[in-house]
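K.L.:
okay, here's the prediction I keep looking at, along with the sequence it came from:
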Amino acid sequence: MRYKMRKMNWQKTRENLIKIFFEFSGIISIAVLAGIFIFLAFTGMQAFKEISFAQFFLEKEWNPTSYGNPQWGILAMLAGTAYISLGALIIAVPVGIATAIYLAEIASPFMRETLKPIIEMIAAIPSVVLGLFGLIFLAPIVSALFNINSGLNALSTSILVAIMTLPTIVSISEDIIREVPREYKEAAFAMGATRWEVIKKVVIPVSSSGIFASVMLGLGRAIGETMLVLMVAGNARAFPGSFLDPVRPLTANIAIEIKEVVSGDLHYQALFATGLILFAITFVINLASDIIIHKQLKKLKP
Amino acid sequence: MPKNIIKVENLNLWFKNKKILKDMSMEIAEHEITSIIGPSGCGKSTFIRTLNRMNDLIPTCRITGNIFYENKNIFSPGIDVTNLRRRVGQVFQKPNPFPKSIFENVAFGPRLYGEKNKNKLNSLVKKYLERVGLWEEVKENLNRNALSLSGGQQQRLCIARVLAAEPKVMLMDEPCSALDPISTAKIEDLMQKIKNDVTIVIVTHNMQQAARVSQFTGFFLMGELIEYGKTNDIFTKPRCKKTEDYITGRFG
Amino acid sequence: MKNGRLAREKIIFTLIKIAAFFSAAILILIVFYVFIKGISVVDFKFIFEEVQQRDITKGGIWQAIVGTVYLGLGIFAVTIPIGISAAIFLNEYAPDTKLSRVIRISIRNLAGVPSIIYGLFGLAVFVHFLNFKTSLLSAVLTLSSMTLPWIITASEESLKAVPFDFREASLAMGATKWQTIKKIVIPQALPGMITGSILGLSRALGETAPIIVVGATFYCRGLPDSPFDKFMALPYHLFILATQHVHIQARQYALGTAVVLIAVIFIMSITAILIRYHYRKKKYA
């Protein structure tokens, strides 16, 4: 009996130890991930001791190394980010949603099982490889097509970033579209609707918020894309006038300048401040789409 | 009255603020089959899940009152819940064999309690599969995934899995509701065969089943125990009007 | 009337189909283009000989390959145990409170934070604060921070996919919580966790932006001897060859490096997919 008691106690202790181990690793992960935000915010916010918010957000000139008169405006780079991510969405949204509709509603099971993994594999291509492809293949085509000196501009980059966002948009939209209950569609078919009419009048409206969320996630990826823009966007600091101008988005600017700054000086802090802004934008976009997708799935799968 | 193995005293149970079980007291006789009947949502399943403290898994659940298993209060702090559940096994409504081989399913309990000897495990698996009448059907395929069995076979496998833990009590929560009549008959036969070794408490929707298999019957309504007694008495001369209405099909 | 509607449907479906095939064709175009253009420089020497700084055509990319392998092993060693245990904590042990839900959502969304941000974090914490300098160790820890949310999210998803019925049945048999997790939950969730982890790892190895910031160099003599050494990596090597190298054949060699990098990543992804496929088939055999 006493032996049994001891065994029982040991089992309880062991259960508790195991629980503590898992708690510990959970807390470590949470700490690391919270640490990212804290370090970023801590270093980034220090920049604003010397740079005013108005100067930072509203001025076009970014020239931290100009002797005696450094400029700290990120507006031109924000415009660069906006050009490229919006340009990418203009291309990727129609193609991506059409692809998702095809895979979910039109394709035979065989076609679906073949095409979906192929499209999802695009996400596995490292962006540096895609950048190389852009440099060697796409940029010369763009420059010849528009008769300009260099194809390293917002347009070429938008096309490549569109390719990067495509798997996100296709994969998530397709998952959402497939969750539309068959009963809804059958009701429309029973009233004599064609397949396209069912897609247009039933499937797309029911899944619209989830499709929207997938586009937002695509936008989040486009804003954060670094290597492609670094390699293909041309990196001029001027405010872009058209899609054929070279641009320098926020991510590329960090990658270009971070290696040349001294830890702890104002330039370093200002780059962290741009990082903080990127973090905030992408986090909010991801959070919003995450919430929308979960709501949508709850609605479709009660 | 035979000896009692479980004694429930003034049991109340809430999920969040909703009261599910109201002031229940009953005693469950050893080596007999007791059935619990009543309309959906009357607290039958919740009640038997209290007997092996499976309701602990539901965070919003709150309980007052006492349940004694072999004269020990199962809510007292010194009780080892895993040991209680080993003694008071449970068969669920939907057959839920583990997605492992047939052998591993039956061997799960013995392994859990420390049996490592391969020969011993082999003979235990054979013994309990025979007990539930599944041995002849599966002896060639002990390594097959249990999920490949039919629903009725899966449920008998689950019973074998529980029996292999050598429980004193087996709780059965509508074990036949998902099964065809032939599988149901097999399980009812099986219950008669094993009741000398293990006390059975069965929740059932099916009043004929209660009448066929059990010696005692409790009728639940809206979380209350309306009437409890010998099955024969409940079905032939119920004392309570509500019981009579229910068993004659006037509501529920 | 009816015919008009069907004709319209036919046109629209054709357009949709073209879009879908176009999407798939992009991958094939890129991969084939890179392979056909780049394969000519990939030979035994290219893979197994060290980079010659003076003339890249005289050597290979051995240090970069080894560097990427070291990175992979390092990230694997850090993220798999922590990531999977954290997922088990979040899914099995953490109480379902507001706080735990906020944490879960945050982790899921950290998976979408741009990689360059992790680079900044790594620079601030590992390179400067912990003073690991720009080194293999800093790069491993930085990429691990980035990979961790992916692995936690993927692992949590496969833990969630284990039906509650199985846990309930095991607990009702008198198994303890840990016994249930060890014997029932983990065996069920493992294929999904492995698949998710390999996919996460393969993505991490293709990342360039963070290692630009925290550690990779274009050239180092020989292989790193300790975690505190500088190192070379395939994506960074590719980047420099493609954009900053003056050698006339630099882009040719960049393409060759791209072939090797894609091969490594695709082999890992396909392995992951095969593991998933294998277990899915086995489950009901």
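P.N.:
Sure, I can see it.

K.L.:
can we go C-alpha only for contacts and neighbour counts from here?
P.N.:
Noted.

K.L.:
which intervals of chain B have sub-threshold pLDDT?
P.N.:
Judged by pLDDT under 70, chain B has its weakly predicted residues at B:1-2, B:250-252.

K.L.:
ok and the residue in it nearest chain A?
P.N.:
Minimum separation of chain B from chain A (CA to the nearest CA) falls at B:D80, amounting to 7.8 Å.

K.L.:
now do that residue against A:N9, distance only.
P.N.:
Distance, B:D80 to A:N9, using CA to CA, to the nearest Å: 10 Å.

K.L.:
and these two? Which one has more around it.
P.N.:
Set side by side, B:D80 and A:N9 show more neighbours around B:D80, with 16 against 13, by other CA atoms under 10 Å in any protein chain shown.

K.L.:
okay, now the domains of chain C?
P.N.:
C:2-41, C:44-283 (automatic domain parsing).

K.L.:
now the spatially most central residue of chain A: closest residue in space, sequence neighbours ignored.
P.N.:
By CA atoms, centre = their mean, chain A has its centre lying nearest to A:R221, at 1.4 Å. Leaving aside its sequence neighbours, A:R221 sits nearest to A:T165 (CA to CA, 6 or more residues apart in numbering or on different chains; 6.5 Å).

K.L.:
give me the element the one you found is part of.
P.N.:
According to DSSP states H and E, A:T165 maps onto helix A:154-178.

K.L.:
re earlier: surely the residue nearest to the centre of chain A is in a helix?
P.N.:
Yes - counting by DSSP: H, G, I helix; E, B strand; the rest coil, A:R221 falls inside a helix.

K.L.:
surely it meets C:G112?
P.N.:
Yes - the pair A:R221 / C:G112 is scored as a contact, 7.1 Å apart, by CA atoms under 8 Å.

K.L.:
what sits in contact with each of those two?
P.N.:
Shared between the contact lists of A:R221 and C:G112 (criterion: CA atoms under 8 Å, 6 or more residues apart in numbering or on different chains) are residues A:T282.

K.L.:
show residues contacting stretch A:18-37.
P.N.:
Here stretch A:18-37 makes contact (CA under 8 Å, 6+ apart) with C:82-83, C:85-90, C:93-94, C:103, C:107, C:110, C:118, C:121, C:145, C:148, C:178.

K.L.:
so what's residue 91 up against?
P.N.:
This is for chain A. A:I159, A:A162.

K.L.:
if you could check chain C rather than the one you did, that'd help
P.N.:
C:E156, C:L159, C:K160.

K.L.:
would you turn those into CSV with pLDDT?
P.N.:
As requested, these are exported to CSV (pLDDT from 0 to 100):
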residue, pLDDT
C:E156, 93
C:L159, 95
C:K160, 93
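
K.L.:
and the most centrally placed residue in chain B, what element?
P.N.:
Centroid-nearest residue in chain B: B:L171, 1.5 Å away (criterion: CA atoms, centre = their mean). In the assignment (DSSP H and E), B:L171 maps to strand B:169-173.

K.L.:
now B:K7, what's its secondary structure?
P.N.:
The three-state label for B:K7, taken from three-state DSSP, comes out as strand.

K.L.:
contacting residues around the nearest residue to it once chain neighbours are set aside?
P.N.:
Nearest non-adjacent residue to B:K7, counting by CA to CA, 6+ apart: B:E27, 4.4 Å away. Residues near B:E27 by CA under 8 Å, 6+ apart: B:N4, B:I5, B:I6, B:K7, B:V8.

K.L.:
run a quick neighbour tally on the third one.
P.N.:
The tally of other residues near B:I6 (other CA under 10 Å) stands at 22.

K.L.:
partners of it in the sheet?
P.N.:
Taking DSSP bridges as the rule, B:I6 bridges to B:I28, B:Y69.

K.L.:
bridging residues for B:I33?
P.N.:
B:I200.

K.L.:
against which helices or strands is the helix or strand encompassing C:F35 packed?
P.N.:
Element membership of C:F35, judged by DSSP H and E, is helix C:2-38. In terms of contacts (3 or more CA pairs under 8 Å, 6 or more residues apart in numbering or on different chains; DSSP states H and E), helix C:2-38 is packed against helix A:75-101, helix A:109-121, helix A:127-133, helix A:195-198, helix C:250-283.

K.L.:
redo these as CSV? Include mean pLDDT.
P.N.:
Shown next, in CSV, are the helices and strands packed on helix C:2-38 (pLDDT from 0 to 100):
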stretch, mean pLDDT
helix A:75-101, 95
helix A:109-121, 91
helix A:127-133, 95
helix A:195-198, 90
helix C:250-283, 86
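
K.L.:
make TSV out of those helices and add distance to C:Q188.
P.N.:
What follows is those, written out as TSV (distance: least, CA to CA, whole Å):
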stretch	distance to C:Q188
helix A:75-101	30
helix A:109-121	24
helix A:127-133	34
helix A:195-198	39
helix C:250-283	9
